[in-house]
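# Sequence unavailable; structure follows:
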Ligand code: ADP
Ligand code: MG
């Protein structure tokens, strides 16, 4: 499924809609250049899950864990990872990220996540992929791949 957003707010809305479909246990790889809107999309997801804290790029901290207080959801944590600074699967294991991928009460979003594809397939960890393309200054195409 492909969706085009025309500004930042529409991307947040799209993330919010996607966030509302989460059941727990999802691992989502976000693929797209710098400035594509990966972090913006996760802001929307966080909003849907009821995260009150400001979500910004985890580039310099590797992984951020947001606690979900919504009792109607089975999701206890939103995991936000950015591998931009060259994190490989060994590094992700080191910081305990892979354990979160396997948990049914967590949802994980990985920016620049394409580098994990082979590993996740090998380990039989299900994942979804969202490929984001910059069409123009403010237009972005989101391609949802199961
Ligand atoms: P990434 O995490 O992919 O590097 P960010 O979400 O941090 O990207 O930043 C996206 C940038 O692009 C922001 O500065 C935002 O204002 C801008 N922008 C312009 N149009 C859009 C859009 N349609 N969707 C998302 N961001 C957009
Ligand atoms: Mg980002």
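Noted; the coordinates are in hand. The structure presented is a predicted model; accordingly, all values stated were derived computationally and were not measured. Ligands and ions are numbered 1, 2, ... in the order given.

# can you list the residues of this structure near ligand 2?
Residues of the chain lying close to ligand 2 (CB under 5 Å from the ion) are 38, 39, 57, 111. From N, CA and C alone the C-beta is placed, and that goes for glycine too.

# what do you get if the cut-off is 8 Å, keeping everything else the same?
Neighbours of ligand 2 within the chain, by CB under 8 Å from the ion: 34, 38, 39, 40, 42, 57, 58, 59, 82, 84, 111.

# Redo these as TSV? Include distance to residue 131.
Listed next are the residues of the chain next to ligand 2 as TSV, based on distance: CB to CB, whole Å:
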residue	distance to residue 131
34	15
38	10
39	16
40	15
42	15
57	19
58	20
59	20
82	16
84	16
111	12
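
# Off-centre distance for the helix or strand bottoming out on mean pLDDT in the chain?
Ranking every helix and strand in the chain by mean pLDDT, DSSP states H and E puts helix 89-94 at the bottom, with a mean of 91. Relative to its chain's centre, helix 89-94 lies at 17 Å (CA atoms, centre = their mean, to the nearest Å).

# outside of that helix, which residues touch it?
Helix 89-94 is contacted by residues 62, 81, 83, 98, 115, 116, 119 when judged by CB atoms under 8 Å, 6 or more residues apart in numbering.

# Flag every buried residue along the strand or helix carrying residue 118.
Secondary structure from DSSP states H and E places residue 118 in helix 117-122. Residues of helix 117-122 classed as buried: 119, 120 (neighbour count, 16 or more other CB atoms under 10 Å).

# Is the following helix or strand past that helix positioned near ligand 1?
Next in sequence after helix 117-122, counting helices and strands by DSSP H and E, comes strand 128-134. No: Strand 128-134 lies out of reach of ligand 1 by CB under 6 Å from any ligand atom, never closer than 6.7 Å.

# Whatever helix or strand comes next after strand 128-134: how far from the chain's middle?
Remark: after strand 128-134, the chain's next helix or strand is strand 140-145, criterion DSSP H and E. Taking CA atoms, centre = their mean, the mean C-alpha location of strand 140-145 is offset from the chain mean by 13 Å.

# What lies in contact with strand 140-145?
1-5, 11, 14, 18, 32, 36-37, 41, 128-135.

# Which pLDDT does the model give residue 51?
Among the per-residue scores, residue 51 holds a pLDDT of 95.
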